[in-house]
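1. Let me see the structure of the following:
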Amino acid sequence: MPLDEDVVAAIYREHGPALRRFVLSASRDPQLAEDVVQETVLRVWQQAPDITGSLRSYLFRTARNIMIDNYRKAQRRPVEALGREPVDPAGAVERVDELLNRVLMEEALLRLSTEHRDVLVALHYRRFTVNEAAVQLNIPTGTVKSRAYYAVRALRTILDEMGVER
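-> Numbering: from 1, shown residues only. Presented below is the predicted three-dimensional model:
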């Protein structure tokens with residue numbers, strides 16, 4: 001059963017800008033980004049899958065797959081302009097995967113409580129030691145350790161709910 005047009009329009013309004021930014025960060029081509037976003041939403045509409053995890057992570061995975069398919073199609077065609085260096089396909093796929101992982105991790109971190117997110121950001125992104133994080137966050141070192149433990153557990157649960165594979 002296909003999705004209602006109003007539902008599709010709502011999906012496009014809610015998730016379109018984030019998808020566009022994701023594709024633009026990988027391709028730098030605004031027209032290609034718009035095409036990929038439209039095709040992503042179109043596939044959701046046509047297939048109307050039974051999504052068990054996060055709709056956003058499903059959309060990002062679909063957009064990633066479309067970009068990879070487009071890249072592979074382009075590689076089968078001869079080079080159009082002289083002086084253009086061929087792109088390493090493995091590197092392009094890795095870059096898209098890295099961008100997707102960043103987007104999904106940002107979404108997962110936003111679902112954590114502020115206290116847990118602050119501790120994880122201090123320890124894992126800013127590379128603070130436990131003592132440095134305690135000083136920065138103005139909490140005892142034991143609290144930093146405890147929050148880090150529970151934050152990682154909560155983050156794993158959130159990522160599992162989003163359908164992110166380890």
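2. from here on, contacts and neighbour counts on C-alpha atoms
-> OK.
3. Let me know the next secondary structure element after the helix or strand of the chain with the lowest mean pLDDT.
-> The weakest-scoring helix or strand in the chain, judged by mean pLDDT, DSSP states H and E, is helix 89-111 (a mean of 78). Once the chain leaves helix 89-111, the next helix or strand it forms, by DSSP states H and E, is helix 114-120.
4. Give me the contacts around whichever helix or strand comes after that next one.
-> Remark: after helix 114-120, the chain's next helix or strand is helix 130-137, criterion DSSP H and E. By C-alpha atoms under 8 Å, 6 or more residues apart in numbering, the surrounding residues in contact with helix 130-137 are Asp118, Val119, Ala122, Leu123, Pro140, Thr141, Thr143, Val144, Lys145.
5. what's the helix or strand for Val164?
-> Following DSSP H and E, there is no helix or strand that holds Val164.
6. just the CA coordinates of the least confident helix or strand of the chain, formatted as CSV?
-> Output in CSV follows, covering the C-alpha atoms of helix 89-111 (Å, rounded to 0.1, in the frame of the first residue of the first chain):
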residue,chain,number,x,y,z
PRO,A,89,35.5,4.2,-5.9
ALA,A,90,36.5,2.7,-2.5
GLY,A,91,37.4,6.1,-1.2
ALA,A,92,34.1,7.6,-2.4
VAL,A,93,32.1,4.9,-0.7
GLU,A,94,34.2,5.3,2.5
ARG,A,95,33.5,9.0,2.5
VAL,A,96,29.8,8.6,2.1
ASP,A,97,29.8,5.9,4.8
GLU,A,98,31.7,8.3,7.1
LEU,A,99,29.3,11.1,6.5
LEU,A,100,26.3,8.8,7.1
ASN,A,101,27.9,7.6,10.4
ARG,A,102,28.4,11.2,11.5
VAL,A,103,24.8,12.1,10.7
LEU,A,104,23.4,9.1,12.5
MET,A,105,25.7,9.6,15.5
GLU,A,106,24.6,13.3,15.8
GLU,A,107,21.0,12.2,15.8
ALA,A,108,21.7,9.5,18.4
LEU,A,109,23.6,12.0,20.6
LEU,A,110,20.7,14.4,20.5
ARG,A,111,18.4,11.7,21.9
